[in-house]
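Trainee: Please work out how this folds:
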Amino acid sequence: RGMSDSEPDDDQSTGTPGQEHKGFFYKVKAFKRRTLHSVKKATTKLDETKDEEYIELHKRFSDIDARLDKLIKTVKEYIKAQNAFCQAGSNLANDLLEFYDKDPPLKNVAVMFKDVHDQLNGSMRQALNDKWEGEVVLPIKKVMDKFEDVKSDHLRRERYVLDFDHYRLKHKSLEATLKKDDAKAQEKLKETEGKLKAASLKYHSMNERLTSELKTVDEHKATIMHEQLMAAVIAQHQLFAKGMIELDKLKKIVHDPKTEQQVKDQKELYHRLIQQARTASAISGVASAAASSAPSPGPPAGSSDDEDHH
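Mentor: Prediction:
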């Protein structure tokens with residue numbers, strides 16, 4: 001049986017209403033029996049059935065299950081970060097382009113840079129999200145769903161081992177106290193022996209199958225990640241390859257000697273104009289200061305003051 005298959009439990013009833021009614025009482029009886037045995041096991045020292053190999057394999061299985069849970073959270077965080085990266089790149093390119101509204105040199109580079117990030121943040125981003133979800137997240141979830149079946153089988157095995165130990169100890173106790181002339185006790189022993197055989201068959205069958213499955217999972221845990229790893233590599237390659245193809249074109253432009261000379265000339269022009277503006281401002285300031293500090297001229301000869309005395 002595969003991990004995704006299901007197997008009816010001993011206390012799962014199907015059939016007619018009468019059979020279901022009988023099954024309900026069996027469930028109650030089985031629950032009571034298992035609970036009492038568990039309490040007895042916890043309070044006294046009983047001869048328990050233990051499979052050390054299974055215990056170790058189940059421990060490893062639980063560790064792998066925890067890794068799957070951690071991995072799917074990490075993948076979702078990566079998708080979120082990838083989306084944020086694409087959006088931030090688009091914002092960066094747009095903000096840079098806003099400085100090139102007067103058609104200066106390198107405006108074509110700013111436009112192309114924005115086009116690259118618009119592509120990454122648009123159709124490319126959606127295509128990558130679909131790839132991550134369809135080829136990485138979904139397959140991991142399918143594995144986790146199969147692991148849920150294994151967990152259910154493990155719980156069923158736990159119930160089976162309780163039944164097996166209960167009837168094994170009960171059979172041992174009845175054998176120890178059996179009186180040859182006690183027909184009722186003989187019948188009880190025979191009945192218990194039949195239940196013990198049925199419980200033993202269920203437990204050992206389930207234990208053998210689960211042990212084999214857990215061993216396979218442990219030995220081939222990498223196998224369940226092969227396709228997801230390959231999809232992750234391809235998804236990242238698509239993102240970076242698309243960006244690099246377009247950015248390589250831009251790199252050739254910005255490293256072209258003519259472009260570098262344009263940038264150098266524009267930078268020198270900018271600083272020269274700033275310096276000229278500062279020099280002109282300084283000269284204007286000196287002239288204004290000199291004008292305000294010069295002494296006022298005296299009254300001319302033959303002014304009105306002289307005339308008033310005549």
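
Trainee: quick one: the helices in the chain?
Mentor: Taking DSSP state H as the test, the helices found in the chain are 17-43, 52-97, 107-119, 125-132, 138-177, 183-219, 226-254, 257-293, 304-308.

Trainee: low pLDDT regions in the stretch 201-310 of the chain?
Mentor: When residues are selected by pLDDT under 70, those of the stretch 201-310 of the chain lie in 285-310.

Trainee: follow-up on the earlier one: turn the helices of the chain into JSON lines, including mean neighbour count.
Mentor: C-beta coordinates here come from the backbone N, C-alpha and C atoms, glycine included. What follows is the helices of the chain, written out as JSON lines (neighbours: other CB atoms under 10 Å):
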{"stretch": "helix 17-43", "mean neighbour count": "12"}
{"stretch": "helix 52-97", "mean neighbour count": "14"}
{"stretch": "helix 107-119", "mean neighbour count": "17"}
{"stretch": "helix 125-132", "mean neighbour count": "16"}
{"stretch": "helix 138-177", "mean neighbour count": "17"}
{"stretch": "helix 183-219", "mean neighbour count": "15"}
{"stretch": "helix 226-254", "mean neighbour count": "14"}
{"stretch": "helix 257-293", "mean neighbour count": "10"}
{"stretch": "helix 304-308", "mean neighbour count": "8"}
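
Trainee: Can you give me every residue that contacts the nearest residue to Ala231 once chain neighbours are set aside?
Mentor: Distances taken as CB to CB, 6 or more residues apart in numbering put Glu135 closest to Ala231, at 3.7 Å, once the chain neighbours are dropped. Applying CB atoms under 8 Å, 6 or more residues apart in numbering to Glu135 gives the contacts Glu227, Gln228, Ala231, Ala235.

Trainee: Mind putting those into JSON lines with distance to Pro105?
Mentor: Supplementary listing: these in JSON lines, determined by distance: CB to CB, whole Å:
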{"residue": "Glu227", "distance to Pro105": "49"}
{"residue": "Gln228", "distance to Pro105": "47"}
{"residue": "Ala231", "distance to Pro105": "43"}
{"residue": "Ala235", "distance to Pro105": "37"}
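
Trainee: Relative to Phe61, which of those residues is nearest.
Mentor: Lowest distance from Phe61 to the contacts of Glu135 (CB to CB) belongs to Gln228, with 18.8 Å.
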